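Asks: Quick one, what's the 3D model for this:
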Amino acid sequence: MASQNPQSNFHDFLPVMADKLGGDGLISELCNGFDLLMDRDKGVITFESLKRNSAMLGLQDLSDEDLRSMLLEGDFDGDGALNQMEFCVLMFRLSPELMDESRLWLDEALEQELKN
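Replies: Numbers count the residues shown, from 1 in each chain. As a prediction, this is how the structure comes out:
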């Protein structure tokens, strides 16, 4: 049986959270999400901790392959786990709308900088 695409049923709440919480509040909530999913002994999100805790985020229907793909997508240092920074970057990357807004903010900031 083919695995379900984790993004196929994904509703992007990150932009709404960013609007309501502001930048600092959003980062705080992402850190809370990381804390929910991490392995307490290792201080990172492992496959086992993601599988064990994913139901809290409504991801209980994802296959092992999907969970491993999520880890691989965000694992920049190749250690097989997600540290807090990798997790936050992954959450932003999985939010196309927020990424588009970030690009606009960056473009505006660069344009302003070049004018000065």
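Asks: From Phe92, how far out is Met113?
Replies: One correction, residue 113 is Glu, not Met. 22 Å (C-beta to C-beta, to the nearest Å). For the C-beta atoms, the positions are set from N, CA and C on the backbone; glycine is no exception.
Asks: Revised request: answer the last question for Lys42.
Replies: For Lys42, the distance to Phe92 - C-beta to C-beta - is 23 Å.
Asks: Who has more neighbours out of those two?
Replies: Phe92 (16 against 12; other C-beta atoms under 10 Å).
Asks: Okay, and the more buried one sits in which element?
Replies: helix 84-93 (DSSP states H and E).
Asks: Using PDB, write out the CA atom coordinates for that helix.
Replies: Only the C-alpha atoms of helix 84-93 are listed here, as PDB (Å, rounded to 0.1, in the frame of the first residue of the first chain):
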ATOM      1  CA  GLN A  84      15.200  22.500  17.500                       C
ATOM      2  CA  MET A  85      16.600  24.700  14.700                       C
ATOM      3  CA  GLU A  86      16.100  22.000  12.000                       C
ATOM      4  CA  PHE A  87      12.500  21.500  13.200                       C
ATOM      5  CA  CYS A  88      11.700  25.200  13.000                       C
ATOM      6  CA  VAL A  89      13.300  25.500   9.600                       C
ATOM      7  CA  LEU A  90      11.300  22.500   8.400                       C
ATOM      8  CA  MET A  91       8.000  24.000   9.700                       C
ATOM      9  CA  PHE A  92       8.700  27.200   7.700                       C
ATOM     10  CA  ARG A  93       9.600  25.200   4.600                       C
END
